[in-house]
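Colleague: would you be able to build a 3D model of this:
(one chain, ligands or ions: 1)
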Amino acid sequence: MFNKDNVKRAKLLISCPEKPGIISTVSNFLSEHNANIVQFDQHTTDPQAGMFFMRIEFELTDFDSSYKELEQDFHVLAQDYSLEWQLSSEKKKKVAIFVSKGDHCLMELIWRWKSNELNVDIPMVISNHADLKEVVEGFGIPFYHIPISPQTKPEAEKKALELLKGKVDLIVLARYMQILSPNFISHYPNQIINIHHSFLPAFVGANPYVRAFNRGVKLIGATAHYVTNDLDEGPIIQQDVLRVNHRYTAEDLKVAGRQVERTVLAQAVSWHVEDKVMVHGNKTIVFT
Ligand SMILES: Nc1nc2c(c(=O)[nH]1)N[C@@H](CN(C=O)c1ccc(C(=O)N[C@@H](CCC(=O)O)C(=O)O)cc1)CN2
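Modeller: Residues are numbered from 1 along each chain as shown. Next comes the predicted model:
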């Protein structure tokens, strides 16, 4: 459809201590900037003394000039009201995917990208193994093999950071089986999403399916979370479970779990790139 008035959408995420009038102040600001609100969501942790969260999606005509003007003016309002905020346009986010040998989560993301279901660019895949090089390059995606050992991890992470610098908005660990250092994570705060193959907080760390089998669980699950220095303890974005029974071996659990892992990760990545996730402490607010 021809867009004669250059109308595009933007998203504004705001968090601040709860106070009366914040909604009317922000909506008046947007009205004064000729923004047409098309979606509005809010959450208050405690009406008396809690935190207030808001997500507003709006349209702007003459987008390129009006977006810049709105952004400049919002800086002033944000300071006056002590707002934490993020303004995003419809520009596709650039997502780097980290993998090891398992391909099911990687392929789910690539399939959704190829079908335009996931509105992102994938500038690179980085792996500590070469196994998936051919399949990734077959989709025209650059693949970088960076081998890692406990002795070489600092150098390997330095190489990865150099490849990533200025090229990505989000890193996805698609069954990447290496613990990231605090230094690496510090470059991408709440911009690294991991899929853990258990229903956290159960079975943190390595080999969760074997431990689930030994425990005799009747549900297995997967958890997508932001990566922090505390292994598998970061803010949870999405989870799901699958019913199992005594007939499942540990290997059966691993195979059955792949379906849950891939859909949970894809949903979490979709919500993040659509600017629907806000982080508060060690929790998220997801405006679905
Ligand atoms: N700093 C963080 N790094 C990673 C996190 C995280 O939450 N914080 N999530 C993990 C994913 N993961 C489970 O989902 C996981 C991966 C790897 C290991 C582990 O013990 N790795 C060993 C090496 C194992 C090997 O070489 O095969 C290690 O890194 O020393 C535990 C949990 C991704 N990273």
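Colleague: assumed residue 272 was part of a helix.
Modeller: Yes. Residue 272: assigned to a helix according to DSSP: H, G, I helix; E, B strand; the rest coil.
Colleague: residue contacts, it?
Modeller: When contacts are counted by Cβ atoms under 8 Å, 6 or more residues apart in numbering, residue 272 is found next to 170, 193, 237. (C-beta placed from N, C-alpha, C; glycine too.)
Colleague: can you flag which of these belong to helices?
Modeller: Among the contacts of residue 272, none falls in helices (DSSP state H).
Colleague: select from these every entry located in strands.
Modeller: Cross-referencing those against strands under DSSP state E gives 170, 193, 237.
Colleague: okay if I get those as a markdown table plus neighbour count, distance to residue 63 and pLDDT?
Modeller: Formatted as a markdown table, the ones in strands among the contacts of residue 272 follow (neighbours: other Cβ atoms under 10 Å; distance: Cβ to Cβ, whole Å; pLDDT from 0 to 100):
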| residue | neighbour count | distance to residue 63 | pLDDT |
| --- | --- | --- | --- |
| 170 | 18 | 23 | 98 |
| 193 | 24 | 28 | 98 |
| 237 | 25 | 29 | 98 |
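Colleague: element containing the residue lying closest to residue 181 once chain neighbours are set aside?
Modeller: Closest residue to residue 181 apart from its sequence neighbours, by Cβ to Cβ, 6 or more residues apart in numbering: residue 157 at 5.9 Å. For residue 157, the host element (DSSP states H and E) is helix 153-164.
Colleague: how near is the residue of the chain most remote from its centre to residue 241?
Modeller: Ranked by distance from the centre of the chain (Cα atoms, centre = their mean), the top residue is residue 247, with 35.0 Å. From residue 247 across to residue 241, the span is 18 Å (Cβ to Cβ, to the nearest Å).
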